[in-house]
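> let's see this in three dimensions:
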Amino acid sequence: MKAKVDGWNNFCRVFRFPITFSSQFCFGPGIPTNFQMMDWFNPVPGIENPAVSKEEWLKEVGPFTIKEIDHEYLEKELVPWLRKKDYIKPGYTYLILCDFGLAITFSGTTDPQPAKQNKK
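Numbers count the residues shown, from 1 in each chain. So this is what the prediction gives:
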């Protein structure tokens, strides 16, 4: 899967899942769950980081950079890089959410594979 990334959506956040989740049924409004935001960054290099709207940019500066990014490629780049961060700990699962539609989970181990998701 590919995504178009520009200076307005080139943004990711890394969250740590709690070690355990509620075992209650989740009917109705749901069960509040706390995720810890661990990091945020611009994952795709070489893209302007504008502080104005697209319309203003086009009017004042001109065309802007759009890169088509393959999700699999970006995952292979991001997960090993993130595993080197001090905040990544064994026993936890992490979630990367990107504003351009990519979502990745991975474990805090040195296992090169993303975390497996349990299907029930």
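
> neighbouring contacts of stretch 51-68?
Residues from elsewhere that reach stretch 51-68, judged by Cβ atoms under 8 Å, 6 or more residues apart in numbering: 2-8, 44, 46-48, 50. C-beta: built from backbone N, CA, C; applies to glycine.

> mind checking which of those land in strands?
2-5 (DSSP state E).

> which of the contacts of stretch 51-68 has the most neighbours?
Counting by other Cβ atoms under 10 Å, V5 has the largest number of neighbours within the contacts of stretch 51-68, with 24 neighbours.

> and it, how far from L97?
Distance check for V5 against L97: by Cβ to Cβ, to the nearest Å, it reads 14 Å.

> and the strands in this structure?
Ranges of strands within the chain are 2-5, 12-16, 36-41, 67-70, 93-98, 103-107, based on DSSP E.

> need those strands in JSON lines with mean pLDDT, can you?
Formatted as JSON lines, the strands of the chain follow (pLDDT from 0 to 100):
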{"stretch": "strand 2-5", "mean pLDDT": "94"}
{"stretch": "strand 12-16", "mean pLDDT": "97"}
{"stretch": "strand 36-41", "mean pLDDT": "96"}
{"stretch": "strand 67-70", "mean pLDDT": "94"}
{"stretch": "strand 93-98", "mean pLDDT": "96"}
{"stretch": "strand 103-107", "mean pLDDT": "94"}
